[in-house]
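Participant: The sequence and its predicted three-dimensional model are supplied below.
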Amino acid sequence: AQTVTQSQPEMSVQEAETVTLSCTYDTSESDYYLFWYKQPPSRQMILVIRQEAYKQQNATENRFSVNFQKAAKSFSLKISDSQLGDAAMYFCAYRSGSRLTFGEGTQLTVNP
Amino acid sequence: ETGVTQTPRHLVMGMTNKKSLKCEQHLGHNAMYWYKQSAKKPLELMFVYNFKEQTENNSVPSRFSPECPNSSHLFLHLHTLQPEDSALYLCASSLARGRIVSFTEAFFGQGTRLTVV
């Protein structure tokens, strides 16, 4: 069974600084997708960034980028120039076939 | 607003009540999902529907009964729930290709906060 592990229950960052959230996963599949979702206090789960496993190039979306290490089964999220609106719970997720598996989440606090 | 709407936003029900959660998507998706989000636990997949057919039931107790009358609507009927069923219930939708639910990203609603008393 696939599992997703986020080892940092909480993280904090100063506004305008950079923070990296960690995620590892366990799978025997070769074809899969990885995602980072953000859940602010409004509870709306919002997609931040996605990565296809067959792509070696790391995905980037504006201030958000990932470090995808397929052999190590690692998928970390880097947030640059952190903003107050980035404060939220961040979930790493793995998808293969019909099942989307989530990690436990990392609560990110952004300090002004 | 992601195009997935869940009602009600909050629900308090007794253990002998019957209630239903509703999810509606306006994205033209053909796959819909129910997830349960409890405190300190990862999101748990409950049900998957593809083209109105249930393709996955993740060992969910029968007191939870899903219904998918069409690709745009998904219901979760609740009956004789237990206090441990209190959680945030999230609906999601995505685009499936054919009969194989092979979606990219899922779009989520804002959830229904359920409290069982």
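Facilitator: Now that the structure is in, tell me what you want to look at.

Participant: What strand or helix carries the spatially most central residue of chain B?
Facilitator: Against the mean C-alpha coordinate of chain B, by C-alpha atoms, centre = their mean, the closest residue is B:W34 at 2.6 Å. If you go by DSSP states H and E, B:W34 is part of strand B:31-37.

Participant: can you give me the angle the helix or strand immediately after that strand in the chain makes with strand B:31-37?
Facilitator: Going down the chain from strand B:31-37, the next helix or strand is strand B:44-50, by DSSP H and E. Relative orientation of strand B:44-50 versus strand B:31-37 (axes from the mean of the first three to the mean of the last three C-alpha atoms, to 10 degrees): 170 degrees.

Participant: which helices and strands does strand B:44-50 pack with?
Facilitator: Counting contacts by 3 or more C-beta pairs under 8 Å, 6 or more residues apart in numbering or on different chains; DSSP states H and E, strand B:44-50 is packed against strand A:99-102, strand B:31-37, strand B:53-57, strand B:64-70, strand B:73-79. C-beta: built from backbone N, CA, C; applies to glycine.

Participant: that older thread, return the strand holding B:W34 as PDB; C-alpha atoms alone will do.
Facilitator: Taking Å, rounded to 0.1, in the frame of the first residue of the first chain, the C-alpha atoms of strand B:31-37 are listed here in PDB:
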ATOM      1  CA  ALA B  31     -15.500  11.400 -11.000                       C
ATOM      2  CA  MET B  32     -16.500  12.300  -7.500                       C
ATOM      3  CA  TYR B  33     -15.100  11.400  -4.100                       C
ATOM      4  CA  TRP B  34     -15.900  11.600  -0.400                       C
ATOM      5  CA  TYR B  35     -13.100  12.000   2.100                       C
ATOM      6  CA  LYS B  36     -13.200  12.100   5.900                       C
ATOM      7  CA  GLN B  37     -10.800  14.500   7.700                       C
END
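
Participant: outside of it, which residues touch it?
Facilitator: Applying C-beta atoms under 8 Å, 6 or more residues apart in numbering or on different chains, the contact partners of strand B:31-37 are A:98, A:100, B:23, B:25, B:43-51, B:66, B:68, B:71, B:74, B:76, B:87-96, B:101, B:103, B:106, B:111.

Participant: Buried only: go through these for me.
Facilitator: A:98, A:100, B:23, B:25, B:43-50, B:66, B:68, B:71, B:74, B:76, B:87-96, B:101, B:103, B:106, B:111 (16 or more other C-beta atoms under 10 Å in any protein chain shown).

Participant: got JSON lines for the helices and strands packed on strand B:44-50, with distance to A:T5 and mean pLDDT too?
Facilitator: Conversion of the helices and strands packed on strand B:44-50 to JSON lines gives the following (distance: least, C-beta to C-beta, whole Å; pLDDT from 0 to 100):
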{"stretch": "strand A:99-102", "distance to A:T5": "11", "mean pLDDT": "84"}
{"stretch": "strand B:31-37", "distance to A:T5": "18", "mean pLDDT": "94"}
{"stretch": "strand B:53-57", "distance to A:T5": "23", "mean pLDDT": "83"}
{"stretch": "strand B:64-70", "distance to A:T5": "27", "mean pLDDT": "95"}
{"stretch": "strand B:73-79", "distance to A:T5": "28", "mean pLDDT": "97"}
